Structures are given as C-alpha cells and as structure tokens.
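**Q** mind folding the following:
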Amino acid sequence: MSVGLTVTHRRYVPYSHAHYAGDLVDGAYALGLFGDVATEVCIRLDGDEGLFASYSDVQFKAPVRAGDVLEVTATVARMGTRSRTIDFTCAVVCRGRPDKGESAADVLDQPIVAVTATGTVVVPARP
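**A** Predicted structure coming up:
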C-alpha cells in the first residue's frame, strides 16, 4: 500500500514550549511534528528516513497551547519515482483547563484542527 497510507503520532505539548501569552506555542512546533510523522511514512514506504523538500500549503487554523495533546496525521496523497506528496493534519485532542485547577484537562469531544499542510518528501533512488 502506498497512496492512502496514513501514519498518526500523538504528542503532549510541554509548558517549556510556550512562547507567548496564554501559553501559546509557535506554529513551527506543528511543522516539526509533521517532519517526524513524514519520517515514519518514508521508513514504512521506502526503508529510508527521506528528506523533507517543501511545503506547498500551510494553514494555521487554531491555536496550540502548552498542555495540549496533539494528534498529528500524515496521509500519502501521491507517489512519484522519488517524491511523495503528503497531506498533514495537527489536531488538539486534549486541552488543559486551568480554570478548573492547575493540572486539570479535558479530552475534547471534537478535536480542534489547528494546522493543516501539504508537503513533499524525497527518498533515494531505488537500485
């Protein structure tokens, strides 16, 4: 299987990554996670970590905050000879609730899509 292959990672966002008021995390945090999940896609498809070549679209749709649990998904949209086009989604699935207590958090009934992107990775030529 190649086109349609989906890989998902989950990650807790530590408070050490908050850079802005309201414990907001910079958008580059999600892009780093997209790189991680793309690496697993390349390993599964090609037995190589591959290299991220470009993004053709990135949309920041909602804030990511320290204390969130993120679900990051990569789905292969196109397979070239050495390139793979991948659609990415970063969704908040749990969110801290400081209004309820210092360590309170909720599992969200509906995930909040925070970032979407389309990117291209390249892998070495096969012998």
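
**Q** can you list the strands that the helix or strand of the chain with the lowest mean pLDDT pairs with?
**A** Ranked by mean pLDDT, DSSP states H and E, the helix or strand of the chain with the weakest confidence is strand 18-20, at a mean of 89. If you go by DSSP bridges, strand 18-20 pairs up with strand 24-25 (antiparallel).

**Q** residues touching the helix or strand just after the partner strand, excluding its own?
**A** Downstream of strand 24-25, the first helix or strand assigned by DSSP states H and E is helix 28-46. For helix 28-46, the external contacting residues (Cβ atoms under 8 Å, 6 or more residues apart in numbering) are 2, 5, 7-9, 11, 13, 17, 48-50, 52, 55, 58, 64, 70, 72-74, 76, 79, 84, 86, 88, 90, 114-115, 117, 119, 121, 123-124, 126. For glycine as for every other residue, the C-beta is placed from the backbone atoms N, C-alpha and C.

**Q** weed out the non-buried ones from those.
**A** Buried by 16 or more other Cβ atoms under 10 Å: 7, 11, 13, 17, 50, 52, 64, 70, 72-74, 76, 84, 86, 88, 90, 114-115, 117, 119, 121, 123, out of the contacts of helix 28-46.

**Q** in strands, which of the residues you listed fall?
**A** In strands, judged by DSSP state E, the following of these are found: 7, 11, 52, 70, 72-74, 76, 84, 86, 88, 90, 114-115, 117, 119, 121.

**Q** low-confidence ranges in this structure?
**A** Residues of the chain that meet the criterion pLDDT under 70 lie in 1.

**Q** what's in contact with the least confident helix or strand of the chain?
**A** With contact meaning Cβ under 8 Å, 6+ apart, strand 18-20 is reached by L24, V25, D26, R65, A66.

**Q** at 10 Å instead, please
**A** Strand 18-20 is contacted by residues L24, V25, D26, A28, Y29, P63, V64, R65, A66, G67 when judged by Cβ atoms under 10 Å, 6 or more residues apart in numbering.

**Q** that concludes my questions; thank you for your assistance.
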